[in-house]
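Visitor: can't give you the sequence, but here's the structure:
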């Protein structure tokens, strides 16, 4: 019996089940044809790049590991993909990858993972000046972790690619990456069961952009000074937890036909620049005629127009989120139904809620509502719930939304009489949002520091 047990591992090796037991490590040097080195490697081999520049596009068609020494640079010379991967289980680590082509139709990328490149690991690289940083084109189970990705600068956003794009690529993890410049930080379409965790985004259009991506998670990410923090569209059953949007320009969070999601413990902050200081490098002027540094400072000072925009979005749970110092805390519209909005904090927004509708919506569940910084109600029994309901909008607000010129009358005696009458006779109030059990103190929102 002992002899049979000792023979069993040998039988596995003979059957080809031993993995890459004969793998070797090769060192490539600048000036050496790198593609020839890759073509001569066997499955499981490690190709180490000595410091220096390697020019031209390469293709990896077998499972191996490409590792860069400090100072190793792959330069695509502005043509096609810098690296195209077609084999499964490929690892690319520690390389600076730059200068892909600029053809949007061809999806030119620093690293392009084809559908057959399953379980790829893209780790600790610096991708700079590529049209797309990493394109995961159907490569199931891939991991893109701890990379620094800097997109194109100085041109039109419509002509730039994304930091990472996913198409039909389930079970992908994108974690602990740093994104700057380009169009969107992460763009996902027609995918599922993906995880975007602990990434940081600066100076892009959308930090995270979801389209038709279901059963996925977005957690622990930080968006600073972008046009939009998190744009979630046509996607179902997501977990969006512990993310922050700090001084994004237009929206902190945007939901369009996003259903059955858990949206919890997120924080959107706008308002004055305060102690936050960010420096952008000088470069070509943008469409407003501003240099990047000027545009950046303007964005940070103004903050989001809307902390969160909810459009045709149904059956979601918004819990324990913090929305602060936006022009509008929540813009809620277009027949959104069945949403639970409770335990959130609406702090110092110019307008806490904008709801253009005639139905009455109660934003409290199980006797617990939300915290409103402008609610002057008392809590005489000390149960943490205000003694009277809170209504963020009245008839005058609805008039101002439809006829902004009426603002000149806002302090007139007639308007004050209408508002007094509504307070005394609630039946006069139009349909809208009411919080029947508002909180008297804000909940704690456990999101990471963004500075």
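Guide: On my side now, so go ahead. No experiment lies behind these values; they were computed from the predicted model shown.

Visitor: from here on, contacts and neighbour counts on C-alpha atoms
Guide: OK.

Visitor: Beta-bridge partners for residue 362, please?
Guide: Beta-bridge partners for residue 362, by DSSP bridges, are residue 434.

Visitor: no no, residue 332
Guide: With DSSP bridges as the rule, residue 332 is bridged to residue 310, residue 355.

Visitor: need the contact list for it.
Guide: 309-311, 353-356 (CA atoms under 8 Å, 6 or more residues apart in numbering).

Visitor: Tell me the buried residues in the helix or strand harbouring residue 92?
Guide: According to DSSP states H and E, residue 92 maps onto strand 91-93. The neighbour-count check on strand 91-93 (16 or more other CA atoms under 10 Å) flags 91-93 as buried.

Visitor: now these as a markdown table including distance to residue 386 and pLDDT?
Guide: Below are the buried residues of strand 91-93 laid out as a markdown table (distance: CA to CA, whole Å; pLDDT from 0 to 100):
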| residue | distance to residue 386 | pLDDT |
| --- | --- | --- |
| 91 | 57 | 98 |
| 92 | 56 | 98 |
| 93 | 55 | 98 |
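
Visitor: So the closest residue to residue 368 other than its chain neighbours: helix, strand or coil?
Guide: In space, and not counting its chain neighbours, residue 368 is closest to residue 437: 5.3 Å by CA to CA, 6 or more residues apart in numbering. Put simply, residue 437 is coil when judged by DSSP: H, G, I helix; E, B strand; the rest coil.

Visitor: isn't residue 437 right up against residue 388?
Guide: Yes: proximity of residue 437 to residue 388 meets the contact threshold set by CA atoms under 8 Å, at 7.4 Å.

Visitor: ok, those two, which is more surrounded?
Guide: When residue 437 and residue 388 are compared for neighbours, residue 437 comes out ahead with 24 against 15, by other CA atoms under 10 Å.

Visitor: Where do the helices of the stretch 201-350 of the chain begin and end?
Guide: Taking DSSP state H, counting those that start in this stretch, the helices of the stretch 201-350 of the chain run over residues 292-302.

Visitor: Show me where it dips below the pLDDT cut-off.
Guide: Scanning the stretch 201-350 of the chain with the threshold set as pLDDT under 70 gives 272-303, 334.

Visitor: can you rerun that using 90?
Guide: In the predicted model of the stretch 201-350 of the chain, residues 271-305, 332-337, 350 satisfy pLDDT under 90.

Visitor: Against residue 340, how distant is residue 363?
Guide: Using CA to CA, to the nearest Å, residue 363 is found at 7 Å from residue 340.

Visitor: These two: which is more packed in?
Guide: The residue with more neighbours, out of residue 363 and residue 340, is residue 363; 21 against 18, by other CA under 10 Å.

Visitor: tell me the contacts of the residue nearest the centre of the chain?
Guide: Ranked by distance to the mean C-alpha position of the chain (CA atoms, centre = their mean), the top residue is residue 208 at 2.6 Å. For residue 208, the contact set (CA under 8 Å, 6+ apart) comprises 184-187, 229-232.

Visitor: one more time with 10 Å
Guide: 164, 184-188, 196, 199, 201, 218, 221, 223, 228-232, 253 (CA atoms under 10 Å, 6 or more residues apart in numbering).

Visitor: Ok, residue 97 next?
Guide: Residue 97 neighbours (CA under 10 Å, 6+ apart): 53-54, 72-76, 82-83, 109-111, 125-130, 133, 149.

Visitor: Next: residue 69.
Guide: By CA under 10 Å, 6+ apart, the neighbours of residue 69 are 27, 48-52, 93-96.

Visitor: just these now: which is nearest residue 37?
Guide: Of all the contacts of residue 69, residue 37 sits closest to residue 27, with 8.9 Å by CA to CA.

Visitor: and whatever helix or strand that closest one lives in, what does it pack onto?
Guide: When elements are assigned from DSSP H and E, residue 27 belongs to strand 25-28. Applying 3 or more CA pairs under 10 Å, 6 or more residues apart in numbering; DSSP states H and E, we find strand 25-28 packed against helix 34-40, strand 46-49, strand 65-68.

Visitor: So for the longest one, what gets flagged as buried?
Guide: Right, the one you point to is helix 34-40. Buried-residue list, helix 34-40, by 16+ other CA under 10 Å: 34, 38.

Visitor: tell me the mean pLDDT over that helix?
Guide: Mean per-residue pLDDT for helix 34-40: 95.

Visitor: So what touches it?
Guide: Here helix 34-40 has contacts from 26-28, 41, 45-47, 49, 54-62, 64, 66, 74, using CA under 10 Å, 6+ apart.

Visitor: can we see that at 6 Å?
Guide: residue 58 (CA atoms under 6 Å, 6 or more residues apart in numbering).
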